[in-house]
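Q: when you get a sec, could you give me coordinates for this:
(chains A, B and C)
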Amino acid sequence: MTQIAITPPGRAGSTSGFPRRRKKPRDYVGIGLWVALLISAVAWFVPFAFMFLTSVKSKADINQLPVWSLPTTWEWSNFVGAVETGNLWVTAGNSLVVSLIKVPLGLLIAAAAAFALARFRFRRHRLLLGLFAVGSMVPVQIALGPLFNTMLSLNLLDSKFGLILPYLAFGVPYQIFMMYGFFRAIPDELEESSAIDGASTFRFFWQICLPLAKPALAALFILDFVATWNEYAIAATLLQNQSNWTIPVAVQGFNTQYTTDYGGLNAFIIMSAVPVLIVYLMFQRYFAQGAFSGAVKG
Amino acid sequence: MAPIQSLARTAPGAARGPRRRRFVRALPYLAPAALLYAYFLAYPMIDAVRLSFFEWSGFRTESPAFVGLENYVRILTKDPVFWTALTNSVIWVVLSLVVPMMISLLLALALNRRMIGRNLFRSVFYMPAVFASITVASIWRWIYNPTLGLLNETLRTVGLEDWAQQWLGNPDIALYSIFAASVWQGVGFGMILFLAGLQQVPPEQVDAARVDGAGGWQVFRHVSMPALKPTTVVVIILTMINSLKVFDLVVGMTGGGPAQSTQVLALWTYTQSFSNHNFGQGSAVATVLLVISLFLVVPYLMWSMRSDKE
Amino acid sequence: MVTRRIKVKAVGVIAALGILTACGTSPDGVPEGKGTTQLVVWMPASDSEAQEAAVDTMVNGFEKANPDVTVTVEERQTDPHKQALRQIVGTDSGPDIYWYWEGLGLGGELVDVGLSQDLTEYYDEYGWADRFTNPALAGVTQYGGYHGVPFGQQAMALYYNKDLFAQAGISAEPTTYDELIAANDKLVAAGITPIEFGGTVNWHIMRLLDSLLETECGAETNTALATGKASWAEEPCVDAAYTELATWGEKYLNDGYFGMSNSDSSQLFFSGDAAMAFEGTWFDAEVTDSGLDPENVGIFAFPTGSDRLSAFGEALYINAASEKKDVAAKFLDFVTSDDIQAETVGSSGAISVNKNVEPGTENPLNQLWSPIFGGASGVYGPSDQNLPLDLTTEYWRVQNSVLTGDIAPDKAGDAMQEFVDNQ
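A: As a prediction, this is how the structure comes out:
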């Protein structure tokens, strides 16, 4: 799962220059930089453009026309066909169910554990934190074989609900690690005053800490949703029947099975990425605002 | 509602009370995460190490047979693919530290300035990271297609047909072709981290340096870079860890081929276990990967947590 | 107060996990409607529309005759198909029926681990022993008892493009190995790629190596090598075969073969960019589907100089873990029946396993197989069906290493023997 460290919002805003005292000469460096950035951005975007262009071409066009030419006919049927070939509704439904259950549940479990480690401060809580962190950083492929057997013995193989359990196990530790610093930074006075007001620890957790953690939770929500939706290795190992596949497994299935249906493949890829793109676009202002400030302390 | 107790070490709220009892009271919060972690993550990882001392086909109907260190001997002496995978993983880590990290840093520096379309730029560079790695693999496999793909076709159109290659079919360059795709995907993430780190650079120091007559490069060297050090450490560690995790990209683009020339450790352990039905050797490779990962992760964690000491 | 809240929360979490667990427990993971039985069949994906149509005929016909049954066919490419089956051994997640190759190395592997149900009682019930040809029956009885119902009988040979041969000045089909090499050279001289292979699927080039071994070593020694009675390191013909393989890789194969699958490389044959393809009876349908004119395509056996034909069988096996074996057997009886076989013959192979059914006549390429079958007095199967899985993996590794130059041809036999000795 992707990783990023968060602390409570600190210094936001970009480095700005001091107020101009005199008229500056033409900023050639700045313009040159901007042009270079533009060229790079275009280069970065080219694969997407190519993907889209292929998805609307017919097989004949792909085989015969030059690569950058527009299609002779816009084959939107590629998209329709890809939905059917790749069983898009079923797999997208599977991915959606898995993500919508796992992400909020995981955040809750992680927040609770981070709260426990940060506020209770029992002996060796840092050791436990370290153990959690280690688990999150080690490649999952190490555990795939035994995980297969574990899920098998629980009779949870080939089940999208069963998939949620290892997903939680692998996603939660890193979230704990990230939220730990957050909860640690909550001032003790806040806790004291809430206790004076007669609130239980749980109330303190639920009504004060969690709302305070909203920026971190929101950011982790996006990252976790994207990571869960895009997860391939565990899903490919545990899910067998094609009707249980999640989107990434379906993409790879399409990739290997219909190797010459380039139009359909690209159409399928575009459609499969739409939900994630939506989530990203909805929340990307957090990136733009620099809500991720600091990436240091755990 | 227990009254606030004062102890020798006063601590408010949840942390009050004898330490032993604190753990008990923390348990309900901790339990779900701990149980999930222990059963579905820690236990399989440890079991992988245990299995590395056995020989097993993986079929449920056959039982593992204890063979001691034999699997390790085999992967080190009789398994040429293991060495290819190890070398490729190392190459991947080193290249990742050099290429995408540099690009991320440069992009972050450039996009830290005010300019038209800055957010759009940031989005374009970050967008590939939103796609699943297996999807990126499919996209680039198509780009690299020798007859109809974007790269070769464009080269032919501009008259550079000698440069057209079997990007994924040539054992000598296939790994680097896959790496290029990972750069495309990964640069945005490092850029975001560096951007966040740059926000931490104290503006007063930058201003002071400018007032002292420092040019852009000197400001960078003496003010930004030291302030970026913690971020850089994080980026380095994350880059190394993610390099070891490379799996989806290789599966989607070459499956480890041609002739196993693009195998990496994470994929080789999977291939040995699930494709070749050799769980013993697969687990041995997994253990090697685990040890390497721990070598990277544990020192970083100890450093990171020590600087958090209260 | 505190404790009560926490208890409530804990119960809630446990309940949630409990619900998750309960929801997940479904035997085959596929939803069933009320009152209908669902039969799940796993098959490898086909590149041919005729074959897909044949499967549809079988499924639709059976569902019509048995309205309370729905048949779901799941398709995967060859290697994912093998992997998926191996993965569900001992679990409930497998299909009711699976299509698989025969031979000790492939079909036998799954029999050994208990995936295949012994079908003796169904053979008695349906009288299958009288339905199938002798070679077909030999394929399902080789493991003791009856495992699998014969479904396909395939042979392999060299398909060639007549126009391209004429262009290169090749006037007759090669009947000896030297003539084949001479033909290759003529094609290269004319600027034509002699033969296409897809290197990412190891079993494609394997066919070439198998035939080279048969050519250089002859039938007896080749069998001895496969059964472990002769040494790979000591037989000089082994070195010769690998040397030939290296030569083919250098001179006669399509550019970039290592990076493409057999589906990709077949396109080269269909588009006239390669003169030959080493394929089998299933390929007839693919050729006609691709738009290539069948009149322009010829087939000749790989001139190994032995009397044996490269051939193998395929069967539909019933999963021992299936809870619907009776329905499955009924389905298998249906698809191998005279009527259905007569309707679908020629789609997946030139001849049917059912001895009451004549060879297909729709596909003109099917006729070309008669002399090839007739001229053979025995068969040799592909290595991945003869050898156990780990030896097959090593076989492929050595084959690929010789082609990339990582192992010298004269060391390849030593590498194989070393592996055999270490077992």
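
Q: ok, the helix or strand hosting residue A:265 near chain C or not?
A: Assigned by DSSP states H and E, residue A:265 belongs to helix A:262-283. No: Helix A:262-283 stays clear of chain C (CB under 8 Å from any CB of the partner chain), getting no nearer than 11.3 Å. C-beta: built from backbone N, CA, C; applies to glycine.

Q: and that helix, how far from the chain's centre?
A: 14 Å (CA atoms, centre = their mean, to the nearest Å).

Q: next one, pLDDT for residue 258 please.
A: Let's take chain A. For residue A:258, the pLDDT comes out at 77.

Q: not what I meant, chain C
A: 85.

Q: for the helix or strand containing residue B:22, packing partners?
A: In this assignment (DSSP H and E), residue B:22 forms part of helix B:19-37. Here helix B:19-37 is seen to pack against helix A:88-115, helix A:125-137, helix A:160-184, helix C:2-24 when contacts are counted using 3 or more CB pairs under 8 Å, 6 or more residues apart in numbering or on different chains; DSSP states H and E.

Q: what about the helix holding residue A:265, near chain B?
A: Yes: Helix A:262-283 reaches chain B (CB under 8 Å from any CB) through A:262, A:265-266, A:269, A:272-273, A:276-277, A:280.

Q: need the contact list for the residue in the stretch 151-300 of chain C that chain B sits nearest to.
A: Taking CB to the nearest CB, chain B has its nearest neighbour within the stretch 151-300 of chain C at residue C:259, 2.0 Å off. Counting by CB atoms under 8 Å, 6 or more residues apart in numbering or on different chains, residue C:259 touches B:146, B:166-170, B:174, B:254, B:257-258, C:199-200.

Q: any chance of these in a markdown table, with distance to chain A, neighbour count and secondary structure too?
A: Formatted as a markdown table, the contacts of residue C:259 follow (distance: CB to the nearest CB, whole Å; neighbours: other CB atoms under 10 Å in any protein chain shown; DSSP: H, G, I helix; E, B strand; the rest coil):
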| residue | distance to chain A | neighbour count | secondary structure |
| --- | --- | --- | --- |
| B:146 | 13 | 20 | coil |
| B:166 | 16 | 21 | coil |
| B:167 | 14 | 26 | coil |
| B:168 | 13 | 28 | coil |
| B:169 | 14 | 23 | coil |
| B:170 | 19 | 17 | coil |
| B:174 | 17 | 26 | helix |
| B:254 | 12 | 28 | coil |
| B:257 | 13 | 22 | coil |
| B:258 | 16 | 25 | coil |
| C:199 | 14 | 26 | coil |
| C:200 | 10 | 25 | coil |
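
Q: for the stretch 151-298 of chain A, what are the low-confidence residue spans?
A: Residues of the stretch 151-298 of chain A meeting the criterion pLDDT under 70: A:284-298.

Q: list, one by one, the residues from it near chain C.
A: A:152, A:154-162, A:164-165, A:200-203, A:240-244, A:253, A:256-257, A:259-260.

Q: what's the answer for chain B, then?
A: B:1, B:28-29, B:31-32, B:57-62, B:78, B:80-81, B:146, B:166-171, B:174, B:254-255, B:257-261, B:274-278.

Q: restricted to buried residues, select those residues in PyMOL.
A: Selection of buried members from those for PyMOL, criterion 16 or more other CB atoms under 10 Å in any protein chain shown:
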select buried, chain B and resi 28+29+31+32+57+58+59+62+81+146+166+167+168+169+170+171+174+254+255+257+258+259+260+261+274+275+276+277+278
